[in-house]
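*Asks:* Quick check, what structure comes out for this input:
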Amino acid sequence: MKNLFLYPLLFLLLFISCKKDNVVPDTSSVTPAMARDSLYYIMKQYYFWYNMPEATSVTDATKGNYKDPYELLEAMRYKTLDRWSFVADYDQFQAEMNGEFVGHGFRVGLDGSDNARVAMIYSNSPLYAIGVRRGWIIKKINNTDLAPVLKNVDPSVYSNLIGPSQAGITNTFLFQRPDGTEVTVSSTKSSFAVNTVMLAETLQLTSGPTGHLVYDSFITPSTDELAAAFATFKANNIKDLILDLRYNSGGLLYIAQALASYIAGDSRQGSVFAKLQYNDKNLAENYTFPFIKMTSSVGLSRVVVITTRSTASASEAVMNGLKPFVNVISVGDTTNGKPTGMNGWDIGKKYSMYPITFKMVNAQNEGDYFQGIFPAKVLPDDIAHDFGDREELCFKEAIHYLENGSVSAKSLQEFYRSRQFSEKPAWMNNAFGPNK
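*Replies:* The predicted structure is shown next:
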């Protein structure tokens, strides 16, 4: 098994079963109805909750009531727990998973004083090139005050203001820099490769040299970026790690396996990282991902993870998988709560279908964290400060824990959950497994 998705995230054509006698139609002939029928089979056979009322209520006789796989999935999805199964356009999905991005390349949110700020920005984005960083206030977009838009409960208002994810769309921003000065910038949405390692640095703490890794998503480009980060960490003989996964909503399971293996070290090679448990129709598919040997593994005993409600799936799998072997504590907000993952089916290179197909547990068979993983210290996402700023609340708390061996006393800091908008597609809240 490989390429499992753990994203709150293809086999080719109409593989409506795994038998060798499947007839594969011409890709140009794949219609929405044909894709719908393929998904119907997949859901009946592989969906983790195939026996729940939503899934069983759709039958051979009624599946034709749904015009395409999008409608069928919504009808069959087990809504009590499943917030993640999705159908996506094949080309768009492939581009996203390969790190291709169209947009301004930033994430925006409200701080505790209702200022609209940049919460995250990719280093290859047009705005980053002119100096825009996390923490900058965005006062206006296209002459519209942004903060009231973000406070609106309808996300379509922001989407209409910023426009679709298409290259060539230009928006005008009025930014306020950290020093209080303002600058007006016109930015045109473009296609560029995203970086998944937002920051990798070595800190000199009283507890010893410590790695600090801000990591955004488990996608294909991550392999080289993580290798470079951990080569530096190993060269600097880090003793501990602050792992910032606050916006990391998941991705490829084999990359999560690699990250966990870098952290756990070679002594854990062969031990269980994650066990995948399929439904009772597919018990033969159950599979174990072990810790593996990595060139620059560091073999740590302590990791502090910074989390928010956007920390999902593959990120949670890393935390849960390390737990039996490493002292893993988290600060920030409760995670998304997705101990599941999905296999993928590509239908005629027109649709990518990813229903939930398995649950993940660690070496101690722990994995029912549907309510999320709770932090040792609850703190807001302090978007007024950049990553690496020691005044940023979560980063500051992580350092305190490593230097003192415990979280700080209760503070007067009021908790708030920042309302944020990302250019990432919603389906990236997943952990992805192998294609079928």
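
*Asks:* In the stretch 51-200 of the chain, what residue spans correspond to helices?
*Replies:* Shown for the stretch 51-200 of the chain, the helices assigned by DSSP state H, counting those that start in this stretch span residues 53-57, 69-76, 90-97, 126-129, 146-151, 155-162.

*Asks:* Comparing the ones you listed, which yields the minimum mean pLDDT?
*Replies:* Among the helices of the stretch 51-200 of the chain, helix 90-97 carries the lowest mean pLDDT, at a mean of 82.

*Asks:* Am I right that Thr223 sits in a strand?
*Replies:* No - per DSSP: H, G, I helix; E, B strand; the rest coil, Thr223 lies outside any strand segment and is helix.

*Asks:* which intervals of the stretch 251-400 of the chain have sub-threshold pLDDT?
*Replies:* Nowhere does the stretch 251-400 of the chain drop to pLDDT under 70.

*Asks:* what's near enough to touch Val304?
*Replies:* Asp240, Leu241, Ile242, Leu243, Ile329, Ser330, Val331, Ala398, Tyr401, Leu402 (CB atoms under 8 Å, 6 or more residues apart in numbering). Placement of C-beta: from N, CA and C, glycine included.

*Asks:* try it again with 7 Å
*Replies:* Counting by CB atoms under 7 Å, 6 or more residues apart in numbering, Val304 touches Ile242, Ile329, Val331, Ala398, Tyr401, Leu402.

*Asks:* Could I get the phi/psi values of it?
*Replies:* With angles defined as degrees, to the nearest 10, Val304 sits at phi -110, psi 120.

*Asks:* for the residue nearest the centre of the chain, helix, strand, or coil?
*Replies:* Of all residues in the chain, the one closest to the mean position by CA atoms, centre = their mean is Ser249, 1.6 Å from it. Look at Ser249: counting by three-state DSSP, its state is coil.

*Asks:* pLDDT wise, what is it at?
*Replies:* 91.

*Asks:* follow-up on the earlier one: can I get the contacts of Val304 in JSON lines including neighbour count, secondary structure and distance to Leu150?
*Replies:* Converted to JSON lines, the contacts of Val304 look like this (neighbours: other CB atoms under 10 Å; DSSP: H, G, I helix; E, B strand; the rest coil; distance: CB to CB, whole Å):
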{"residue": "Ile242", "neighbour count": "25", "secondary structure": "strand", "distance to Leu150": "28"}
{"residue": "Ile329", "neighbour count": "17", "secondary structure": "strand", "distance to Leu150": "31"}
{"residue": "Val331", "neighbour count": "24", "secondary structure": "strand", "distance to Leu150": "25"}
{"residue": "Ala398", "neighbour count": "30", "secondary structure": "helix", "distance to Leu150": "27"}
{"residue": "Tyr401", "neighbour count": "21", "secondary structure": "helix", "distance to Leu150": "31"}
{"residue": "Leu402", "neighbour count": "22", "secondary structure": "helix", "distance to Leu150": "34"}
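
*Asks:* Isn't Tyr50 up against Tyr40?
*Replies:* No - the pair Tyr50 / Tyr40 is not scored as a contact, 11.1 Å apart, by CB atoms under 7 Å.

*Asks:* Which one's more surrounded, the two?
*Replies:* When Tyr50 and Tyr40 are compared for neighbours, Tyr40 comes out ahead with 24 against 21, by other CB atoms under 10 Å.

*Asks:* Return the residues in contact with the more buried one.
*Replies:* Counting by CB under 7 Å, 6+ apart, Tyr40 touches Lys63, Leu72.

*Asks:* Can you tell me, leaving aside adjacent residues, what's nearest to Lys293?
*Replies:* Gln269 (5.1 Å; CB to CB, 6 or more residues apart in numbering).

*Asks:* can I assume that neighbour is in contact with Gly299?
*Replies:* No - the criterion here is CB under 7 Å, and Gln269 misses it with Gly299 at 10.5 Å.

*Asks:* From Asn336, how far off is the residue nearest to the centre of the chain?
*Replies:* Using CB to CB, to the nearest Å, we find Ser249 at a distance of 7 Å from Asn336.

*Asks:* so who does the closest residue to Pro324 other than its chain neighbours touch?
*Replies:* Nearest residue to Pro324, sequence neighbours excluded (CB to CB, 6+ apart): Ala363, at 4.6 Å. Applying CB under 7 Å, 6+ apart, we find Ala363 in contact with Ser271, Val272, Pro324.

*Asks:* what helix or strand is Ala363 on?
*Replies:* Assigned by DSSP states H and E, Ala363 falls within no helix or strand.

*Asks:* cool, Gly299 as well?
*Replies:* Here Gly299 is assigned to no helix or strand, by DSSP H and E.

*Asks:* show me the contacts for it.
*Replies:* Ala264, Gly265, Asp266, Ser267.

*Asks:* And the buried ones among these, selectable in ChimeraX?
*Replies:* The ChimeraX selection below is limited to those of those classed as buried (16 or more other CB atoms under 10 Å):
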select :264,265
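
*Asks:* Could you single out the nearest of the contacts of Gly299 to Tyr128?
*Replies:* Taking CB to CB as the measure, Tyr128 lies nearest Ala264 of the contacts of Gly299, at 32.8 Å.
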